[in-house]
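Engineer: sequence first, then the predicted structure:
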Amino acid sequence: MTSDPHRPPVGARLRQARVEHGRSLRGLAAELGVSAATLSQIENGKSGLTVERLESVADALGTTAARILGSPDADRRAPQPAADRPLVFRAPEHPSERTADVRRSAGWRDYGPLELPPIPAAALAEFLEVGYHGTSMRRISARCGISVPGIYTRYESKQELLMSILDATMADLEWRADAAIAEGGDPVARFSLAVENLALYHIHRRELGFIGTSEVRALEPTNRAAVATRRNHQQRIVDQCVRDAVDAGEFRVDEPDDASRVVVTMCTAIPSWWQPHGRLGPDAVAQEYVGFALRLMGHES
C-alpha cells in the first residue's frame, strides 16, 4: 500500500489530534510516561512512532488510532467528531430520560440512587477520581469490565462519554425544574420552589453537579455551547420568577437579574461543601437556601 503524498506525516497528524483535543505537549507526555522532548520529536518526524505508542496516544485522547491517522475506513465507520456535527443526545440509554408517567409517580423531590449504564457510570467514577484528562479508555474499561473495543462500539470517544453524563445531568434537572415550578400558584411560590429544586438537586446529585462545574472546560466548543444553552435556560427560569415577583411588588431588589444569578450560583456551589453526615440534611439545607434567597430579594414574609 502506498502512502498518500498529500496527507500530512504521522507526527503532524498526531500533533493535530493533540491540539484538537486541547492537550498540551507536556501534559500528554506526562500521561504517556515519556518526556516532552520525546513526544516533540515524534510530532516533528524526528523519531518513529510504534503502533503500541500510537494506541496509547489515542487512548489518552479518548479517540482511536484510525482517527488520528485519518483513515478513510475510519471515516466510513464512525460518525463525525462531536465538535463537527450537531449534538444528538442518545435517547434510550440514559435513565434520566424516563417516561412522563414515571416522573409524575416519582415526584421531583424524590431521589433514588444515581443510575447510569455501566460505561458512563465507570467514566463518571474515573472523572471524579482523576479528572477528565487523567482518565483513559483503559481505566474506564478496567472499572466497568467492558473491553476498550466494546466501549468504542457504543461511544465514539471519551468526549461523548462526558457529554452523555452531562446530558443525564441536565435531563434530570430539567424535568424536576418543570415539575417544581408547576406547583407554584404565585411568583414568590414559584421562585421558592425553583430554589428548593436547585438546592435539592445539587445535594442529591452532587457528583453530577461537581462534574458539570469542574469538567465543562474539557468540552469541545460545540458541546460546550450545547450545555451552556441548557444551563442558561435553567437560569432564565429563575430570572423570570424574580421579575414576576418584582412586578407583583413582592420582591424589592435593585438589580433583579444580578440577584437571580447570585441565587443560582449559591445553589450550584452546594457540592463543594455539603457532606451527607453534616449538621443539616438535604431538606433542611434546601429550606435554609430558600430563606437566604428570599431575604436577598427583599421579600417580607
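Structural biologist: Looks like it arrived, so ask away.
Engineer: quick one: least confident helix or strand in this structure?
Structural biologist: Comparing every helix and strand of the chain by mean pLDDT, DSSP states H and E singles out helix 72-77 as the least confident one, with a mean of 39.
Engineer: pLDDT (mean, whole number) over whichever helix in the chain runs longest?
Structural biologist: For the chain, the helix with the greatest residue count under DSSP state H is helix 221-247. Mean pLDDT, helix 221-247: 96.
Engineer: what is the subsequent helix or strand relative to it?
Structural biologist: helix 256-268 (DSSP states H and E).
Engineer: what does that following helix rub up against?
Structural biologist: Helix 256-268 has contacts (CB atoms under 8 Å, 6 or more residues apart in numbering) with 195, 198-199, 202, 209, 213, 234-235, 238-239, 241-243, 246, 253, 289, 292-293, 296-297. Where you see a C-beta, it was placed from the backbone N, CA and C, and this is true even at glycine.
Engineer: angle of the helix or strand just after that helix against helix 256-268?
Structural biologist: Once the chain leaves helix 256-268, the next helix or strand it forms, by DSSP H and E, is helix 282-296. Per axes from the mean of the first three to the mean of the last three CA atoms, to 10 degrees, the angle that helix 282-296 makes with helix 256-268 is 160 degrees.
Engineer: Arg18: neighbour count?
Structural biologist: 21 (other CB atoms under 10 Å).
Engineer: give the contact list for the nearest residue to it once chain neighbours are set aside.
Structural biologist: In this structure, Arg18 finds its nearest non-sequential neighbour in Leu28, 5.7 Å apart by CB to CB, 6 or more residues apart in numbering. Counting by CB under 8 Å, 6+ apart, Leu28 makes contact with 18, 39, 57, 60-61.
Engineer: of all those residues, which two lie farthest apart?
Structural biologist: Leu39 and Leu61 (12.4 Å; CB to CB).
Engineer: circling back to that earlier point, report the buried members of the contacts of helix 256-268.
Structural biologist: When those are checked for burial by 16 or more other CB atoms under 10 Å, the buried set is 195, 198-199, 202, 209, 234-235, 238-239, 241-243, 246, 253, 289, 292-293, 296-297.
Engineer: just to check, Tyr201 is in contact with Trp175?
Structural biologist: No. With contacts counted by CB atoms under 8 Å, Tyr201 stays clear of Trp175, the gap being 10.9 Å.
Engineer: comparing the two, which shows the higher neighbour count?
Structural biologist: Tyr201 (26 against 19).
Engineer: skipping its backbone neighbours, what lies nearest the more buried one in space?
Structural biologist: Tyr201 sits nearest to Leu173 (CB to CB, 6+ apart), 5.4 Å away.
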